[in-house]
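J.: got a sequence here, can you build the structure:
(one chain, ligands or ions: 1)
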Amino acid sequence: MTIADKTVLVTGANRGIGQALVEEALRRGAKRVYAGTRQPLVHTDERVTPLTLDVTDASQIQDAVDNVEFLDILINNAGVAPYDDLTDRGTLERALAVNFFGPYGVIQAFLPLLTRSRGAIINNVSLMALAPLPLTPSYAISKAAAFNMTQSLRALLAGQGITVHAVLTGPTDTEMTRGFEIPKATRESVACAIFDGVEMGEEDIFPDPMSESLAESWRNGAVKAMERESAAFVSPQPANA
Ligand SMILES: NC(=O)c1ccc[n+]([C@@H]2O[C@H](COP(=O)([O-])OP(=O)(O)OC[C@H]3O[C@@H](n4cnc5c(N)ncnc54)[C@H](OP(=O)(O)O)[C@@H]3O)[C@@H](O)[C@H]2O)c1
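T.: Below you'll find the predicted structure:
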């Protein structure tokens, strides 16, 4: 999968990593980039088509589908990361609504288009899907759920020629991590590494120095081996493979 000449949709495209993904897709020669945002967006590149898209709003998702003719690559990037301590159910529900049910709804709605193009789904999850930072446990739970969904969809959609990628992003310098004083990757470098990972066919993408330090042990670890074994139940190999 190369980005050149492809049609790409990015959610949460107005700032942070999403905005950098739009710019990087354009730099790599994408034919069209649909920029999903909650507020109106103006972009100088005529290849960018703004879409009003709150990922928690089913009617906006349907309107977006109706306005997209063809799609190769769907990037679920929109997210929220509230600080909490799991005492408030509403905070947990809000994190799940945006970070889990958001991508779920967008994926289901765009599946017919992605099936037609034999396209790719990229879910910007988080390293916290693997191990939570207990300052944002609702966020970590929602990202763990989104990662698990990514693993199931990978197996379920393989037979339709759709690839499903998880991005296990570590600390990146955006509004989301403002005030959190730790080393952070730039959003531009993360966007670049995400598309590099997709172009190299990596299922799980580790796009920054912190996440990269876990990549090898993850790829060669027992959990990844189990994911592959389990996937065989829905996408069996031909008998002579
Ligand atoms: N920054 C990090 O260290 C880090 C690490 C791991 C993973 N990630 C993930 O990377 C993704 C992008 O985060 P970021 O760092 O770029 O954060 P950010 O700068 O806070 O951007 C978040 C984006 O999500 C959008 N958004 C929030 N709720 C939405 C909704 N209901 N519908 C549609 N869009 C919505 C925001 O739009 P508005 O402007 O309208 O609010 C904004 O465009 C997130 O999924 C995040 O979890 C980030």
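J.: report the distance from stretch 137-144 to the chain centre.
T.: Mean C-alpha position of stretch 137-144 versus that of the full chain (C-alpha atoms, centre = their mean, to the nearest Å) differs by 14 Å.
J.: report whether that stretch contacts the ligand.
T.: No - against the ligand, stretch 137-144 shows no contacts by C-beta under 6 Å from any ligand atom, the least distance being 6.6 Å. Quick note: C-beta positions are derived from backbone N, CA and C, even for glycine.
J.: same question, stretch 12-25
T.: Yes - residues of stretch 12-25 contacting the ligand under C-beta under 6 Å from any ligand atom: 12, 14-18.
J.: gap between the residue nearest to I73 when sequence neighbours are not counted and L168?
T.: With C-beta to C-beta, 6 or more residues apart in numbering as the criterion, I73 has its nearest non-adjacent residue at 4.5 Å, and that residue is V8. Remark: distance between V8 and L168 (C-beta to C-beta, to the nearest Å) = 20 Å.
J.: these two: which is more packed in?
T.: For V8 versus L168, neighbours defined as other C-beta atoms under 10 Å are more numerous around V8 (28 against 25).
J.: how close does the residue nearest the centre of the chain get to V106?
T.: By C-alpha atoms, centre = their mean, the mean C-alpha position of the chain lies nearest to N123, the distance being 1.9 Å. Separation of N123 from V106 (C-beta to C-beta): 10 Å.
J.: what parts of the protein come near the ligand?
T.: Checking the chain against the ligand by C-beta under 6 Å from any ligand atom, the hits are 11-12, 14-18, 38-39, 53-56, 77-81, 98, 124, 126, 169, 171-172, 174-177.
J.: CA atoms of stretch 63-82 as PDB?
T.: Only the C-alpha atoms of stretch 63-82 are listed here, as PDB (Å, rounded to 0.1, in the frame of the first residue of the first chain):
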ATOM      1  CA  ASP A  63     -23.600  12.400   5.800                       C
ATOM      2  CA  ALA A  64     -19.900  11.900   5.500                       C
ATOM      3  CA  VAL A  65     -20.400   8.500   3.800                       C
ATOM      4  CA  ASP A  66     -22.800  10.100   1.400                       C
ATOM      5  CA  ASN A  67     -20.200  12.700   0.500                       C
ATOM      6  CA  VAL A  68     -17.300  10.300  -0.200                       C
ATOM      7  CA  GLU A  69     -17.400   8.500  -3.500                       C
ATOM      8  CA  PHE A  70     -14.300   6.400  -3.100                       C
ATOM      9  CA  LEU A  71     -12.000   5.600  -0.200                       C
ATOM     10  CA  ASP A  72      -8.700   3.700   0.100                       C
ATOM     11  CA  ILE A  73      -7.500   4.600   3.600                       C
ATOM     12  CA  LEU A  74      -9.600   5.400   6.700                       C
ATOM     13  CA  ILE A  75      -7.600   6.800   9.600                       C
ATOM     14  CA  ASN A  76      -9.400   6.900  12.900                       C
ATOM     15  CA  ASN A  77      -7.500   9.500  14.800                       C
ATOM     16  CA  ALA A  78     -10.000  11.600  16.700                       C
ATOM     17  CA  GLY A  79      -9.700  11.100  20.400                       C
ATOM     18  CA  VAL A  80     -10.100  12.600  23.900                       C
ATOM     19  CA  ALA A  81      -8.000  11.900  27.000                       C
ATOM     20  CA  PRO A  82      -9.600  13.200  30.200                       C
END
